[in-house]
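Asker: A predicted structure for the sequence below; I have some questions about it.
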Amino acid sequence: MVDILIVDDEISAIEAVQKGIHWDKLAVSSIYTATSMKEAIEQLNKHNIDIMLSDIEMPRGTGLELLQWLKQNKPEVGCIFMTCHADFKYAQKAIQLGSIDYLLKPLNYEEAAKTLKSAIEKVKNEKILRKNSGAWLENKNIVLKQFWKDFFIGDISPDKESLLRYIQGKDIDISLEKNYIPVLVSIKKTSEDITRNERRLIEFAIKNISDELFTIDDVNKEVIEFTENSVLIMFDLNKSLENKDHTQVIKTCCEQLIQVIKVYYKMITICCYIGTQDSIYTMPNQIENMQTIDFNNVAYHQDIFLLSSYRRYSIEYNNASFTKWSEYIQTSKFQDLLSEVKQMLTSENLKKIDRKFLQNFYQDFYFVLIAFSLKNRVFLSELFGDSRSQQIFQNGLTSLADLLRWVEYTISIIKDFVEANEEISNPVDKTKKYIENHISEEISMDDIAQNVHLNPDYLTRIFKKEVGVSISRYIIYRKMDIAKRLLRETDSSIGDIALKVGYYNYSSFNRIFTKFVNMSPQQFKNSHKDGLSSR
């Protein structure tokens, strides 16, 4: 449980925050308030405050001044600022001083809750460290990992003053004079069959394997779970090692990691990005560049990229094939279309295909599908409305392999649709025939549509247009017609007749028959007894 201090010179603003946020869901035990810097300091000295949520613009001591006091006297307390300024000129100063985050007024309470939740987790972790160790010495490794995370996500400004303040405040062993080498290991593809928990276990395994494999003699390193899909390795070089080129050693480590993952974790593929040896101040920019390369790496998965030699050569997307693709589909030349697409996406320009190229291709091919649907008077949702199709469509923009899989899948569905309509001169007649052959069963719409090779929604639409009633009502009409004939012409029991027309519950049959015939099955049978006895 944590304690919160809300600081604002307007009491109404404090009350709004108290009422607007569901504090019970954030594991908050106590909420204290203050309307000035002086009152805030009194509360901070009196109570064990964990997080301070403070306005910046206050007449008797600004939030920044309060934060400066906080960092000198209560450095363990986290701080979140509230401000009316959208451009927030104070942001840089606040970050330099070590503010966790800031929120714009009027507060979006849902976003405020998310920010508070993140801050609470961070404060809790640091509180646990202090409680368990009594000193930072035994927990420097954890604190160091947190430093790199804070540094790379922008919580710490990459300037000497801000870094020194953080390092001294946390008492961690980071030298601003040394050089560092970053390595980013990215999970590029995972099997769709693995669960989220399995994925987390795999990510944890990759971190541990990286910790074991990435070793350089006399060089310290930190292996960090950086994002949900990546691990970051930071090599800390001593002065005596800065003149050596460690690239080849790190590249060998990457090759070993890729091979291990290939052998033991076949459901995933990874890619490694090796940064350049440089000062700590360049690290955030290097990480951002490696993430950009990774984002555009849609063709090669199990590969190694060197930031020092990487050059991005993207090819200009040309949509000249758009018209030809449409003609291929309209003339049922599906194999020609697939062959041409494969050639286009697996050519010698493969390394130059980036995410923008994928997006342009996807958009153009999607318009080809729309053109087909318009011409054939069928909605795309009728052809691709199921969950599997939606997943394949969603993954189409993830990688080159997924894009090809999406193209192959869409072509196969369209091909099946065209062939089904060619085979069936009248799908409505075939639907009627299927109903007659399965009249003693519980007939489902999916079974009928699968037999006719048409989307259920599309089949329902054309059936009702031609017959005048829906398929479900037509089934009932046919079952009732057959039931009436059997009641008139046979001496079978009503229960047996109900089974013959697919009703396994006598009450249901009796209710439906009465509704559609305006008399019960027994009444109908009795009214035709004379005709039956004279036969």
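Answerer: That came in fine, so what should we check first?
Asker: Count the neighbours of Q259 for me.
Answerer: Other residues lying near Q259 total 12 when counted by other C-beta atoms under 10 Å. The way it works is simple: take the backbone N, C-alpha and C, and place the C-beta from them, glycine included.
Asker: again, but for the one 10 residues further on
Answerer: T269: 21 surrounding residues under other C-beta under 10 Å.
Asker: right, and G154 touches E288 too?
Answerer: No. Counting by C-beta atoms under 8 Å, G154 does not reach E288; the two are 10.1 Å apart.
Asker: Tell me the spacing between L213 and K479.
Answerer: 68 Å (C-beta to C-beta, to the nearest Å).
Asker: out of the two, which sits in the more crowded spot?
Answerer: Between L213 and K479, counted using other C-beta under 10 Å, K479 has the larger neighbour count: 23 against 17.
Asker: Spell out which helix or strand contains that one, please.
Answerer: K479 belongs to helix 471-489 when elements are defined using DSSP states H and E.
Asker: Which residues outside the helix or strand that comes right after that helix are in contact with it?
Answerer: Where DSSP H and E defines the elements, the next helix or strand beyond helix 471-489 is helix 494-500. Applying C-beta atoms under 8 Å, 6 or more residues apart in numbering, the contact partners of helix 494-500 are 439-440, 482-483, 486-487, 490, 492, 504-506, 509-510, 521-522, 525.
Asker: Which neighbouring elements make contact with the strand or helix carrying Q450?
Answerer: Element membership of Q450 [criterion: DSSP H and E] is helix 445-452. Packing partners of helix 445-452 (3 or more C-beta pairs under 8 Å, 6 or more residues apart in numbering; DSSP states H and E): helix 427-437, helix 456-467, helix 471-489.
Asker: quick one: buried residues of stretch 377-389?
Answerer: V378, L380, E382, L383, F384, S389 (16 or more other C-beta atoms under 10 Å).
Asker: Can you say which helix or strand has the closest residue to Y265 other than its chain neighbours in it?
Answerer: Nearest residue to Y265 in three dimensions, chain neighbours excluded: I202, at 6.0 Å (C-beta to C-beta, 6 or more residues apart in numbering). In the assignment (DSSP H and E), I202 maps to helix 196-213.
Asker: Can you redo the buried residues of stretch 377-389 as a markdown table, where the extra columns are pLDDT?
Answerer: Shown next, in a markdown table, are the buried residues of stretch 377-389 (pLDDT from 0 to 100):
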| residue | pLDDT |
| --- | --- |
| V378 | 81 |
| L380 | 85 |
| E382 | 80 |
| L383 | 84 |
| F384 | 86 |
| S389 | 86 |
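Asker: Can you show me the helices along the stretch 1-150 of the chain?
Answerer: 11-20, 37-46, 63-73, 91-97, 109-133, 140-152 (DSSP state H, counting those that start in this stretch).
Asker: contact partners of the longest one?
Answerer: Right, helix 109-133. Counting by C-beta under 8 Å, 6+ apart, residues outside helix 109-133 touching it are 2, 4, 17, 20-22, 25-28, 50-51, 53, 76, 78, 80, 100-101, 103, 136, 138-139, 142-143, 146.
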